[in-house]
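give the three-dimensional model of this entry:
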Amino acid sequence: MKSYKLSTLEKVGFGAGDMAVNVVISSMMLIITFFYTDIFGLKPTDLAILFLAVRFIDAFTDPLMGMITDKYTTRWGRYRPYFLFLSVPFGISVFLTFSTPDFDYNQKLVWAYATYIFVTIMFTSVTIPYISLIGVLTNDPKERLSANGYRLFFAKIAAFLVTTIVPILAKHEYWQGNQQLGYQAAMGLMAIMGVGLFLFCFFTTKERIVHVADTKPFLKQLKLLVKNDQWLILCSSCLLITIGYVVRGSIAIYYAKYYLGGDEKFQSLFLSSGVAAAILAMVASTWITKSYCKIKLFKYSQMWVGALSLLMFFAVQPGDMMLALVIYFVLSFVVDLHAPVFWSTIAEAVDYGEVKNKERVSGLAYGGISFCQKAGMGVAGAIVGWLLAYFDYVPNQEQSEQALFGIALILCIIPGAFHFLVGVLMKKYFITDDYYQQIEPQVASSHQGVPVEQEAAEMAEPPVTQVARHD
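Predicted coordinates for the structure are as follows:
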């Protein structure tokens, strides 16, 4: 099989797509919970139900979008056209979600549901094609890993811009005390940026690998995916990581404001320090995996997150700004060491499933990963909302000792436990670069229409000694 190399421009263009996606992801993980409670005016319990209820829609839209991308192709390719035609609706949905109409509480709740559903559907419509795109840009695992390094670097740049620009631009002083208008304007700017980035991604990338569309019935595809044990591990890891990441990210601005006593500038500094650490982690991960097993890095980094979370909970007291910044920076660095590895493994797990089951499921596989990510976001949002209510959090006033304890618990202990579980789970994942190179000839034969050799079935299950070597 010919190995396709990607130019730097194309890797940058590919990364720009994830930068656009992360305008939404970053705001959902870092900003929207605080926006809904302290700016929009929702009760934490209503917020929890909103986040959880909307995730049920993803149970239908994510698999549906995966099947649509499998079924249709155009002269621009199978995945890229969605960036061209849906970029503007995507931007509009972001702007409306962060707009606060002058309604009574029940009407505002309806608006929150309507706009959150809208942005979720638009997010699905561009994200499923985007996460599938790497599989048709190149078939080289090293190039995929490199491209995903660019992708995640630019994703963190988006997060950095959201965390630095939005809290400061939305300050009272700039809008005569109207922070609702401030958040609308700030996120409107982010939405415009997202539209431009999607268009840049469309014009700078090229689909080279012929995608063999799934024509199998949905239930058959689902049964095949369930038999793909490595894909199931990635799905479970995605769910747990997202819960941990979003719980910590959602409460971080509360922690900076109420637990540490910081103003808007410090809140921005605290959030952006975590993002800056994550950007450095993208670079470090790409460098480390050149000589160190990427699966080991994935596994052990998540276990270290659990330990660092415990340290932060017990070491940092209310008002300890500098100590909190240092530990949060280190924790955020370690958290994201896994990220380039995770997103490069999905295509390899799909190929593994094709060799193991002798049938390929692609669109639904990517749709399932996206669903797990958004399900994790919903569960995390519900956890944060319910725990804020349980610990008697009251927006925009000095918090009780109970509320401060709850905020520290939500930032440290709870997400740390989820990340540690991921490290334990990844002990069962065995598709390293060496293993993938063994099954790649069978994948190539399958794509060329040549029957997969009988020995491929044996290669799909590694010997015990091989699995043990990567634990």
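
verify the stated contact: residue 205 with residue 134.
No: Residue 205 lies out of contact with residue 134 (CB atoms under 8 Å); the separation is 9.8 Å. From N, CA and C alone the C-beta is placed, and that goes for glycine too.

find residues that contact each of those two.
residue 14 (CB atoms under 8 Å, 6 or more residues apart in numbering).

can you give me the strands for the chain?
Counting by DSSP state E, the chain has no strands at all.

pLDDT below threshold where in it?
Applying pLDDT under 70 to the chain flags residues 1-3, 172-173, 211-215, 443-471.

any idea how far residue 423 is from the closest residue in space to residue 309 that isn't next to it in sequence?
Spatially, and ignoring its direct neighbours in sequence, residue 309 is nearest to residue 416 (2.6 Å; CB to CB, 6 or more residues apart in numbering). Separation of residue 416 from residue 423 (CB to CB, to the nearest Å) stands at 11 Å.

repeat for residue 19
Applying CB to CB, the value for residue 19 to residue 423 is 28 Å.

do the same with residue 205
33 Å.

neighbour-wise, which of these two wins?
Legend: neighbour count by other CB atoms under 10 Å for residue 205 and residue 423, higher for residue 205 (26 against 20).

what does stretch 73-89 contact?
Stretch 73-89 has contacts (CB under 8 Å, 6+ apart) with 17, 20, 69, 72, 122, 125-126, 129-130, 132-133, 136, 194-195, 198-199, 201-202, 205-207, 211, 213.

how about the contacts made by the residue nearest to residue 309?
Under the criterion of CB under 8 Å, 6+ apart, the neighbours of residue 416 are 244, 305, 306, 307, 308, 309, 310, 313.

got a winner among those for most neighbours?
residue 305 (29 neighbours).

identify the residue spatially nearest to that one, adjacent ones excluded.
residue 419 (3.9 Å).

same check on residue 154?
Counting by CB to CB, 6+ apart, residue 15 is the residue found nearest to residue 154 once chain neighbours are left out, at 3.5 Å.

again with residue 271
In this structure, residue 271 finds its nearest non-sequential neighbour in residue 163, 3.7 Å apart by CB to CB, 6+ apart.

distance check, that neighbour against residue 272.
5 Å.

compare these two (neighbour count), which wins?
Between residue 163 and residue 272, counting by other CB under 10 Å, residue 163 is the more crowded of the two (27 against 20).

residues contacting the more buried one?
By CB under 8 Å, 6+ apart, residue 163 lies in contact with 26, 30, 31, 268, 271, 272, 274, 275.

if I look at it, how far off is residue 383?
Separation of residue 163 from residue 383 (CB to CB): 21 Å.

over to residue 353?
Distance of residue 353 to residue 383, given as CB to CB: 31 Å.

so what's the residue count around the residue nearest to residue 135 when sequence neighbours are not counted?
Leaving aside its sequence neighbours, residue 135 sits nearest to residue 347 (CB to CB, 6+ apart; 4.5 Å). Using other CB under 10 Å, residue 347 has 25 other residues around it.

same check on residue 57?
16.

closest one to residue 235 out of the contacts of residue 163, please.
Closest approach between the contacts of residue 163 and residue 235, by CB to CB: residue 26, at 22.4 Å.

how far away is the closest one from residue 155?
8 Å.

one more: residue 9?
Taking CB to CB, one finds residue 9 at 18 Å from residue 155.

those two - which one has more neighbours?
The residue with more neighbours, out of residue 9 and residue 155, is residue 155; 29 against 10, by other CB under 10 Å.

you'd agree the more buried one is up against residue 18?
Yes: contact criterion CB under 8 Å: residue 155 and residue 18 qualify, at 4.4 Å.

overlap in contacts of those two?
Joint contacts of residue 155 and residue 18 (CB under 8 Å, 6+ apart) do not exist.

list the buried residues in the longest helix seen in the chain.
Scanning the chain for the longest helix, with DSSP state H as the assignment, gives helix 105-137. Neighbour-count burial for helix 105-137 flags 108-109, 111-112, 115-137 (criterion: 16 or more other CB atoms under 10 Å).

ok, now stretch 184-200?
For stretch 184-200, a neighbour-count test (16+ other CB under 10 Å) marks 184-191, 193-195, 197-200 as buried.

quick one, what contacts residue 109?
Applying CB under 8 Å, 6+ apart, we find residue 109 in contact with 42, 46, 50.

let's have the residues you listed in TSV, adding distance to residue 280 and neighbour count.
What follows is the contacts of residue 109, written out as TSV (distance: CB to CB, whole Å; neighbours: other CB atoms under 10 Å):
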residue	distance to residue 280	neighbour count
42	35	22
46	38	18
50	34	21
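
and the gap between residue 163 and residue 242?
For residue 163, the distance to residue 242 (CB to CB) stands at 18 Å.

same deal with residue 48?
Distance of residue 48 to residue 242, given as CB to CB: 16 Å.

do the same with residue 135
21 Å.

same question, residue 80
For residue 80, the distance to residue 242 - CB to CB - is 26 Å.

pretty sure residue 118 sits against residue 93.
Yes: the criterion here is CB under 8 Å, and residue 118 meets it with residue 93 at 4.7 Å.
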